[in-house]
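Asks: Got a sequence here, can you model it:
(one chain, ligands or ions: 1)
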Amino acid sequence: MNNFTSISDVENPTKLVQQVLSIKNNSTELNPGKDKSLALIFFNPSLRTRMSTQKAAQNLGMDITVMNIGEDAWNIEFEDGTVMDGSIQEHIKDAVQIISGYCDILGVLTFANLQNREEDYEEKVLSKFLEYSSVPVISLESATLHPLQSLTDLVTIAETKIQKPKVVLSWAPHPRKLPQAVANSFLEWMAQTDADITLAHPEEYELSEQFTNGIPVTHNQRRAFEDADFIYAKNWSSYSNYGQTPVVTEDWTITQDKMDLTNHAKFMHCMPIRRNVVATDEVIDQSLVYKQAKNREYAAQAVLQNILENL
Ligand code: CP
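Replies: Now for the predicted structure:
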C-alpha cells in the first residue's frame, strides 16, 4: 500500500479486514515504526480519528506531530496563481512540500465545504496533498469519503460472524448540514462484502449514483428495517440540491420500536452522535458504537503497518 485515500488504494479489502482483526487479537512486540514519524494535519475537529490514529502510531513505535490548520499553523491558500496580498499567509503548494519533508507518512483530515459540489467531489484539498506530498498520504476523512471509518465498520461487522447479513444504511435527522462522506464510503466498502445492503432515506436525500449503483433504495424506513441484522445510521445533506437540507416531515429518528422490526439488529454509527435526535438513548446504549470507536485504533494500525512495509 502506498497511499490510503479510498478503497481503490487497497489491493485486497477482505485481507485487510482480517489483518485488522489479527492485530486486535494478537498483541505484538514488533516496532516497525521505530525512527519513523507521522504528521497528522486537521482542517476540522475530531475526537476518534485523532486519538485512534495517534494510538495506532504509538503502538507501532512512531513519533507523531499533530497540527490544526488555522490554529497551530497558518491559514492556507488553495488556488494556483493567487496574488496573496490578503489575510491568508501560506500556499498549499509550499505547506505540503515542507510538512512532508518532516515526516515519513502524512495523514490529513479535510471536510466538504458543501457549497460547491464539483470542488468537493474533485477532493480539492486532499488532491493537493497527493500532488505535493513527497511521502505516502492517508486520508483521515475527506470531502467525500471516510475510508478509515469504513474499514473499521467492515471489521466490526465481520467480528459478529453473521453470515450474509442484511445491512440497512438509514438516513437519520441532524440539526446541522453534514457531508455525504461516511455514507458514500460505507456503501463503497460494503459492496466488497457478501452483505445484502439496503439504503433508506427520505425523498431528496439521494446519494451520488457513483456509490448507490445497483443498491436497493427505499423511502420507507420501517419496511427497510424488517429482518435487518445491522442498522447503520447517518445523516447527510442533499447531493442533488448540494448541501441543502430539504424539510423532512416524517420521523426518521432510530427508536426502539423501529429496532423491534429487525432481526435483533445491531445498531451502528460512526459518532459523534446526537442522542435522541439521530437515535434514542435506549438504542445507542445497546449498540456497537463503542466497539466501532475502539476498532478505529486497529484499522489505523493496519493501514500504517502496510504503508511502513513499503517505505
Ligand atoms: N467517526 C469519526 O471520524 O469521529 P471524529 O470526527 O471524532 O474523528
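
Asks: Please enumerate the strands of the stretch 51-200 of the chain.
Replies: 63-68, 76-77, 90-91, 105-109, 137-141, 166-171, 196-200 (DSSP state E, counting those that start in this stretch).

Asks: Among these, which comes closest to the ligand?
Replies: strand 137-141 (5.7 Å; CB to the nearest ligand atom). For every residue, glycine as well, the C-beta is placed using N, CA and C.

Asks: re the thing from before, next, format the strands of the stretch 51-200 of the chain as a markdown table and append mean neighbour count and distance to the ligand.
Replies: Output for these, formatted as a markdown table (neighbours: other CB atoms under 10 Å; distance: least, CB to the nearest ligand atom, whole Å):
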| stretch | mean neighbour count | distance to the ligand |
| --- | --- | --- |
| strand 63-68 | 15 | 13 |
| strand 76-77 | 18 | 20 |
| strand 90-91 | 17 | 24 |
| strand 105-109 | 26 | 7 |
| strand 137-141 | 26 | 6 |
| strand 166-171 | 23 | 15 |
| strand 196-200 | 20 | 20 |
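
Asks: can you list the ones you listed in JSON lines and add distance to A57 and mean pLDDT?
Replies: Below are the strands of the stretch 51-200 of the chain laid out as JSON lines (distance: least, CB to CB, whole Å; pLDDT from 0 to 100):
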{"stretch": "strand 63-68", "distance to A57": "5", "mean pLDDT": "96"}
{"stretch": "strand 76-77", "distance to A57": "24", "mean pLDDT": "95"}
{"stretch": "strand 90-91", "distance to A57": "25", "mean pLDDT": "96"}
{"stretch": "strand 105-109", "distance to A57": "8", "mean pLDDT": "98"}
{"stretch": "strand 137-141", "distance to A57": "10", "mean pLDDT": "98"}
{"stretch": "strand 166-171", "distance to A57": "30", "mean pLDDT": "98"}
{"stretch": "strand 196-200", "distance to A57": "32", "mean pLDDT": "98"}
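
Asks: and the ones you listed as CSV, adding distance to K36?
Replies: Formatted as CSV, those follow (distance: least, CB to CB, whole Å):
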stretch, distance to K36
strand 63-68, 7
strand 76-77, 25
strand 90-91, 26
strand 105-109, 7
strand 137-141, 13
strand 166-171, 36
strand 196-200, 37
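
Asks: Just to check, I157 is in contact with K164?
Replies: No. Between I157 and K164 there is no contact under CB atoms under 8 Å: 11.2 Å.

Asks: Spatially central residue for the protein, please.
Replies: H146 (2.3 Å; CA atoms, centre = their mean).

Asks: Find the residues that touch each one of I157 and K164.
Replies: Counting by CB atoms under 8 Å, 6 or more residues apart in numbering, the common neighbours of I157 and K164 are A195.

Asks: residue ranges with poor pLDDT in the stretch 1-150 of the chain?
Replies: 28-29 (pLDDT under 70).

Asks: Near the ligand, which residues of it are found?
Replies: S46, L47, R48, T49, E141, Q149 (CB under 6 Å from any ligand atom).

Asks: swap the cut-off to 5 Å and go again
Replies: S46, L47, R48, T49 (CB under 5 Å from any ligand atom).

Asks: So which of those wins on neighbours?
Replies: For those, the largest number of neighbours (other CB atoms under 10 Å) sits with T49, at 22 neighbours.

Asks: and that residue, which of the three is it?
Replies: helix (DSSP: H, G, I helix; E, B strand; the rest coil).

Asks: and the gap between it and W74?
Replies: Distance of T49 to W74, given as CB to CB, to the nearest Å: 22 Å.

Asks: same check, this time on I98
Replies: 11 Å.

Asks: Then L288?
Replies: 40 Å.

Asks: out of I157 and K164, which sits in the busier spot?
Replies: Legend: neighbour count by other CB under 10 Å for I157 and K164, higher for I157 (24 against 10).
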